[in-house]
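[1] fold the following for me, if possible:
(one chain, ligands or ions: 1)
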Amino acid sequence: MTFPKAFLKKNRKKRLEQGHPWVFPGEIETIEGDPQGGDVIHIVNHVGHFLAQGFYNSQSQLIIRVVTYSEQDEINENLFLKKIEQAWNRRKWLVPEATSCRVVHGEADFLPGLIIDKYEDVLVVQILSLGIEVRRQWVYNAIIQIFNPRGIYERSDVPVRRLEGLQEREGFVDKPFDTKVTVLENGLKILVDVAEGQKTGYFFDQRENRAALKPMMTGWGTGRGVKVEENGLLIDAKGKAIKNPFWDGAEVLDCFSHTGSFMLHACLYGAKKVTCVDISEKAIEMARGNALLNGFLHRTEFIAANAFDYLREQVKNDKTWDVVILDPPAFAKNRQAIEGALRGYKEINLQGMKLVRNSGILVTASCSYHLSAPRFLNMLQEAAADAHKVLRLIEFRRAGIDHPVLLGSEETDYLKFAIFEVFNR
Ligand code: SAH
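    Take a look at the predicted model:
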């Protein structure tokens, strides 16, 4: 079988050879044959030497997306099954304890524009490329064969699909089922609604980052003036006996809490009190339900509010916490929006830092691809300068182990997660 061929320009940057999985229109010298949207096309260099096979879409800026570097691979249903199986085997190997995780992470699993997330016995699919869109039945078939799931739900309800010339789509792939699933993460039960939650229902990318909170959730009692008397009795700064078993735990503010995953981890690791703030009433209700499900209700409080207003108000009220967590949505949806987004990030971080007690902890994240790690850290430094704080970085993390990153494709490396100690200046 002969395939259409895209001849790349002679004097191009060798991005493809450096692991970048996309070809842009400007990199193509000529196209041989008459490829239709979604077709397989061979990518060759200027003298016709084979480089890769990919999916073609003339409507997209990502005119070709690499599927395989092998000329022999036949891009058929069996190859899809094999790729999805391989991706799942990698996850079982890397995160053996996870019953819920990302199974396929798009380009990084050589299935460009395909996301598959496993929520216990429910699988969620998100399709972001035309090449996968026209072959989606292969994806569903592979999922049924590998996982025999209780149900498959599609969350292709994202505006970026328009860049591929695709409409948004959401719903049951086959027969309807209860879309609420209790996933297990780091020993916690987390109720997720795959039809309602953010993205595909929940954020698996912060699994390891949530676990990284552990050492910071205790060790705060003596700083608050708690003393252990000779008879072993605990007394607080006012000399009163302490009965709270979580007396040594952190007081935590979890901003942009969504369904409360950071709150749950904080409680699991010994926090004294966690305040969740989210603008969405629905998310707050889910978070409260999750606290109840895990027996943490008495250590939590829930506020439906705009975090920008809430943070500013608490600063005005001189309120402080041991640990402040900021995990906002992506403020920069595209490269043009970056300046405005930076102002937003700086504002919440500046106010957030002011709310941290001296030598307390700021946990801060950004999931905007368009904000590079160096710019993120630079923004934090500027915020610290304005807030009269000095930051000491104790951990810098990325997305979890089930979200691998192709070197050469910074687009797949979107999540930045930093833990700082915050000192007054
Ligand atoms: N920390 C969460 C993920 C946060 S997603 C987790 O680990 O699961 C971002 C959340 O921010 C969403 O729940 C959204 O409702 C909320 N949000 C968006 N804009 C907001 C604002 N201005 N104030 C407060 N919450 C906001």
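
[2] buried set for stretch 66-82?
    Neighbour counts over stretch 66-82 (16 or more other C-beta atoms under 10 Å) mark 66, 67, 68, 69, 73, 75, 79, 80, 81 as buried. Heads up, the C-betas are built off the backbone N, CA and C, glycines and all.

[3] with only the CA atoms kept, save that stretch in CSV.
    What follows is stretch 66-82, C-alpha atoms only, in CSV (Å, rounded to 0.1, in the frame of the first residue of the first chain):
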residue,chain,number,x,y,z
VAL,A,66,3.4,11.3,14.8
VAL,A,67,1.9,7.9,15.5
THR,A,68,5.0,5.7,14.9
TYR,A,69,8.6,5.9,13.9
SER,A,70,8.4,2.5,12.2
GLU,A,71,7.7,2.2,8.5
GLN,A,72,6.6,-1.4,9.0
ASP,A,73,3.8,-0.6,11.5
GLU,A,74,0.4,-1.0,10.0
ILE,A,75,-1.9,1.6,11.6
ASN,A,76,-4.9,-0.6,12.2
GLU,A,77,-7.2,-1.7,15.1
ASN,A,78,-4.6,-4.2,16.3
LEU,A,79,-1.9,-1.5,16.6
PHE,A,80,-4.3,0.6,18.7
LEU,A,81,-5.0,-2.4,20.9
LYS,A,82,-1.3,-3.0,21.3
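
[4] for it, which outside residues touch it?
    Outside stretch 66-82, the residues that touch it by C-beta atoms under 8 Å, 6 or more residues apart in numbering are 16, 21-23, 40, 42-43, 50-55, 107, 110-112, 131, 135, 138-139, 141-142, 145-146.

[5] filter those down to just the ones in strands.
    Using DSSP state E, the members of those that fall within strands are 22, 23, 40, 42, 43, 50, 51, 52, 53, 54, 55.

[6] hmm, back to that, buried ones only from the contacts of stretch 66-82, please, as a PyMOL command.
    Command for PyMOL that selects the buried part of the contacts of stretch 66-82, burial taken from 16+ other C-beta under 10 Å:
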select buried, resi 16+21+22+23+40+42+43+51+52+53+54+55+107+110+111+112+131+135+138+139+142+146
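
[7] backbone phi and psi for residue 419, please?
    The phi and psi torsions at residue 419 (degrees, to the nearest 10) take the values phi -120, psi 120.

[8] which residues sit in contact with it?
    212, 216, 361, 362, 363, 393, 394, 395, 396, 397 are the contacts of residue 419 under C-beta under 8 Å, 6+ apart.

[9] just those residues: which are in strands?
    361, 362, 363, 393, 394, 395, 396, 397.

[10] any idea which of those residues has the most stuff around it?
    Per-residue neighbour counts (other C-beta atoms under 10 Å) across the ones in strands among the contacts of residue 419 peak at residue 363, which has 27 neighbours.
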